[in-house]
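>>> Mind folding the following:
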Amino acid sequence: MGPPEVSVVAMKTERVVLTTELPGRTAAYRTAEIRPQVNGLILKRAFKEGADVHAGDLLYQIDPAPYQAVYDQAKAAVAMAEANLPAARSREERFKKLVESHAVGQQDYDDALAALRRLEGQLGVSKAAMESAQINLSYTPIKAPISGRIGRSRVTEGALVTAYQPVPLATIQQLDPIYVDVPQSTAEMLRLKQRLADGRLDPDGESQNEVTILQADGTPCLQKGSLEFRDVTVDPSTGSVILRVVVPNPDGALLPGMFVRAVLKEGANEKAILIPQQCVSRNRKGMPFVMVVGDDEKVAMKMLTLDRSVGDKWLVSSGLNPGDQVIIEGLQRVRPGTPVKVVPLDSNPGDLPAENTH
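As a prediction, the model looks like this:
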């Protein structure tokens, strides 16, 4: 019968960009809760719920009449103080010259000086009251502090609102760009740092911080995100840190609170060995192994350490060397030590993918 025929694949090293897929949740880039800064009655609402607004746009109008009256009263008080001040100043200057020539007593000059200082202080108080009234009057039109999309309104025309009330009138959220907060376990983070330190992974240049966002249905977003920062505090309940990704969102496809998946680049393995998954078998203990053909054309068993799946292949951490001939067809007819005959592979196992999702 002759030795059994087997087909093999020769192991070789190549560059593979490794990625990690982690769940995340979207959050608004900026959020502004709209609250009144003065008490009053809402006269009108100037926006459409769910519409985009710009910073400075009018949102609500509080009845300005009482604040206008207070401002006018304060303005009149300032005018009265300014009208009385020149006469008091002239009297103080005149008495100052007369007291030097002893034409009037020192007490008369002191009284004139005190009256001047009193009017000056009154003018300062009136100006402060006018400025305060003007500030309160400027708060009656409630304007958008940021640009973004405004949600539903919690009040209607005729509602009575109070300054700095706990319940906001509405909320504006900036959705372009948008944040994606991704939790990463500390064990995964330490493993990645160790691999980079050992030289098993190299940072993938400028694209290292590039992140692909997958929506709930698995559809990738058209815009790539960028890793902005890694939080410095570990959540004690989950043992993870938060990675914040900034994603352009011009079409508004991502909304705050959505669950997504982020594909982050770990780095590039310049000397990766990938093996088709059908080559790998497992013993009774679940340990992976492969059958290889040695230089003496006999079968030998090699135990493997696998890192992860890369498409339809396994990334091998240890157990194989470049040039090893791994049996891919005819495994059922061989045992360790069996002489074999190597024949060409019937089907191409396929090209290796450039990246993986783990």
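>>> okay, now Ala10: neighbour count?
Summarising burial for Ala10: neighbours were counted as other Cβ atoms under 10 Å, giving 9. The way it works is simple: take the backbone N, C-alpha and C, and place the C-beta from them, glycine included.
>>> Looks like it contacts Gln325 (just checking).
Yes: checked against Cβ atoms under 8 Å, the pair Ala10 and Gln325 is within contact range at 5.6 Å.
>>> just so I have it, where are all the helices in the chain?
Here the chain has its helices, by DSSP state H, at 65-100, 106-138, 186-198.
>>> tell me which strands and helices the first one is in contact with?
Contact analysis of helix 65-100 by 3 or more Cβ pairs under 8 Å, 6 or more residues apart in numbering; DSSP states H and E lists helix 106-138 as its packing neighbours.
>>> ok, and for the helix it packs on, which residues are buried?
Residues of helix 106-138 classed as buried: 109, 112, 115-116, 119, 122-123, 126-127, 129-130, 133, 136-137 (neighbour count, 16 or more other Cβ atoms under 10 Å).
>>> what about the strands in the stretch 201-350 of the chain?
Under the criterion DSSP state E, counting those that start in this stretch, strands of the stretch 201-350 of the chain are mapped to 210-214, 225-230, 240-247, 259-276, 281-282, 288-293, 299-303, 305-310, 313-318, 325-329, 341-342.
>>> quick one: which of those is nearest Asn39?
Distances from Asn39 to each of the strands of the stretch 201-350 of the chain were compared using Cβ to Cβ; the minimum, 38.6 Å, belongs to strand 240-247.
>>> Just want the angle from that closest one to strand 225-230.
Angle between the axes of strand 240-247 and strand 225-230 is 140 degrees (criterion: axes from the mean of the first three to the mean of the last three Cα atoms, to 10 degrees).
>>> what sits up against strand 240-247?
Judged by Cβ atoms under 8 Å, 6 or more residues apart in numbering, the contacts made with strand 240-247 from elsewhere in the structure are 22, 24, 29, 177-186, 189, 211, 213, 221, 223-235, 254, 262, 264.
>>> can we see that at 6 Å?
Residues lying outside strand 240-247 but in contact with it, judged by Cβ atoms under 6 Å, 6 or more residues apart in numbering, are 177-185, 211, 213, 225-231, 234, 262.
>>> How about stretch 338-348?
The list of residues contacting stretch 338-348 from outside it, by Cβ under 6 Å, 6+ apart, reads 3-8, 293, 297-299, 334.
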